[in-house]
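# Fold the following and give me the result.
(one chain, ligands or ions: 1)
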Amino acid sequence: MTNIIRNGSRNLFQRYSGNPIFTADNWPYPVNTVFNPGATTINGETLLLVRVEDYRGFSHLTAARSKDGITDWKVDASPTLSSSSNNQEEKWGLEDPRIIWLADEKKYAITYTSFSGGGPQISLAMTEDFKNFERKGTLVPPEDKDSALFPKRFMGRYILMHRPIVKGEAHIWMSFSPDLIHWGEHRILIPTRGGLWDCHRVGLGTQPIETSEGWLIIYHGIRGTAAGKLYRMGLALLDLEKPWELIKRSEEWVMGPKAEYEFVGDVPGVVFPTGAVLDKEKNELRIYYGAADTSVCLATANLNEVIDYIMNC
Ligand code: BMA
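Model prediction:
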């Protein structure tokens with residue numbers, strides 16, 4: 001395979017030269033794969049909550065910490081958050097977490113896919129330290145995936161972005177709640193687009209990122225091909241005060257599978273962004289993503305260039 005990697009639209013995102021940052025081979029205990037991590041910062045460090053698939057095919061979440069978010073990771077020696085056998089809601093494991101800091105509650109909120117016998121659904125856990133977790137149960141029932149809360153309330157309401165499957169269609173939806181328990185006012189925010197690279201399915205990628213121009217949304221779009229599905233990354237911008245208003249959406253994908261590690265693995269052709277950290281000093285956006293459902297990778301971008309691109313595309 002060639003060493004030349006095209007980065008996608010305008011080379012906005014650069015792959016880290018040390019990718020993948022995690023594989024099953026450098027994990028502290030035996031596992032099948034590690035991928036699709038949630039990301040945040042805590043005590044001045046970057047924390048990834050990595051989805052880890054065991055040899056039964058069930059997933060759990062394990063924390064990895066690093067000072068610079070790139071090197072010298074310390075991974076918990078055993079699973080950090082896993083399903084208990086008597087929890088029907090999480091019977092087949094926990095997947096694809098997204099993390100936000102809820103300043104009002106002074107807690108991190110982790111939304112994740114809990115796999116119940118009835119299918120994938122969205123659950124919430126709160127934590128202050130990524131050691132002790134308070135489970136809040138299911139927010140929305142199957143079939144649903146790819147969710148994150150916004151880090152603040154809007155007109156007193158929490159907002160959840162998520163991706164239910166309704167009549168076979170897979171669009172990104174938004175729902176509202178006064179208390180994180182009762183959800184309503186469900187609406188489609190980012191639909192699939194016929195003919196384009198995101199025609200088959202779309203789903204939220206990383207947690208929403210607050211910028212001066214609006215909430216930056218990084219999402220994945222899927223197109224079926226003769227060789228299987230391609231999972232690529234696109235951008236959207238939501239109004240800062242009224243995030244239910246879509247300001248912009250990129251027509252092109254901004255990163256798609258090109259590197260060998262994005263094509264060789266359990267599910268080839270997958271770039272699946274799930275975590276973002278903004279380095280405000282460098283104005284650098286670090287995106288953590290799952291590659292081919294097999295490894296954890298990193299791509300970086302200059303935030304100004306990303307905003308410029310989305311505002312003018
Ligand atoms: C999605 C999710 C992700 C996975 C992706 C590609 O539906 O299940 O966890 O990375 O498919 O297989």
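
# The ligand contacts on the stretch 151-300 of the chain?
Tyr231, Val267, Val270, Phe272, Gly290, Asp293 (CB under 6 Å from any ligand atom). Every residue, glycine included, has its C-beta placed from N, CA and C.

# just the residues you listed now: which is nearest Ile159?
Phe272 (22.5 Å; CB to CB).

# for the closest one, helix, strand, or coil?
Under DSSP: H, G, I helix; E, B strand; the rest coil, the three-state class of Phe272 is strand.

# Can you give me the neighbour number for it?
25 (other CB atoms under 10 Å).

# Asp96 now?
Counted with other CB under 10 Å, Asp96 comes out at 24.

# Which other helices and strands does the helix or strand harbouring it contact?
Per DSSP states H and E, Asp96 falls inside strand 94-102. Here strand 94-102 touches strand 33-42, strand 45-53, strand 59-66, strand 107-116, strand 119-127, strand 144-149, strand 271-279, going by 3 or more CB pairs under 8 Å, 6 or more residues apart in numbering; DSSP states H and E.

# Would you list the strands that the fourth one pairs with, along with their directions?
Strand pairing for strand 107-116, using DSSP bridges, gives strand 94-102 (antiparallel), strand 119-127 (antiparallel).

# doesn't Ala148 make contact with Ile159?
No. Using CB atoms under 8 Å, Ile159 is not in contact with Ala148, being 9.5 Å away.

# quick one: which of those two has more around it?
Per other CB under 10 Å, whichever of Ile159 and Ala148 has more neighbours is Ala148, with 25 against 22.

# And the pLDDT for the more buried one?
You'll see Ala148 listed with a pLDDT of 98.

# ok, the closest residue in space to it that isn't next to it in sequence - how many residues close by?
Closest residue to Ala148 apart from its sequence neighbours, by CB to CB, 6 or more residues apart in numbering: Arg98 at 3.8 Å. Using other CB under 10 Å as the criterion, Arg98 is surrounded by 28 other residues.

# got it, and Leu81?
Leu81 - counted by other CB under 10 Å - has 21 other residues nearby.

# if I pick the residue lying closest to it once chain neighbours are set aside, what's in contact with it?
Nearest residue to Leu81 in three dimensions, chain neighbours excluded: Leu61, at 4.4 Å (CB to CB, 6+ apart). By CB atoms under 8 Å, 6 or more residues apart in numbering, the contact set of Leu61 is 38, 49-52, 79-82, 94, 97, 110, 112.

# so can I have a markdown table of these showing distance to the ligand and pLDDT?
Putting the contacts of Leu61 into a markdown table (distance: CB to the nearest ligand atom, whole Å; pLDDT from 0 to 100) gives the following:
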| residue | distance to the ligand | pLDDT |
| --- | --- | --- |
| Gly38 | 12 | 99 |
| Leu49 | 14 | 99 |
| Val50 | 12 | 99 |
| Arg51 | 7 | 98 |
| Val52 | 12 | 98 |
| Pro79 | 17 | 98 |
| Thr80 | 18 | 98 |
| Leu81 | 16 | 98 |
| Ser82 | 16 | 96 |
| Leu94 | 11 | 97 |
| Pro97 | 11 | 98 |
| Ile110 | 15 | 98 |
| Tyr112 | 11 | 98 |
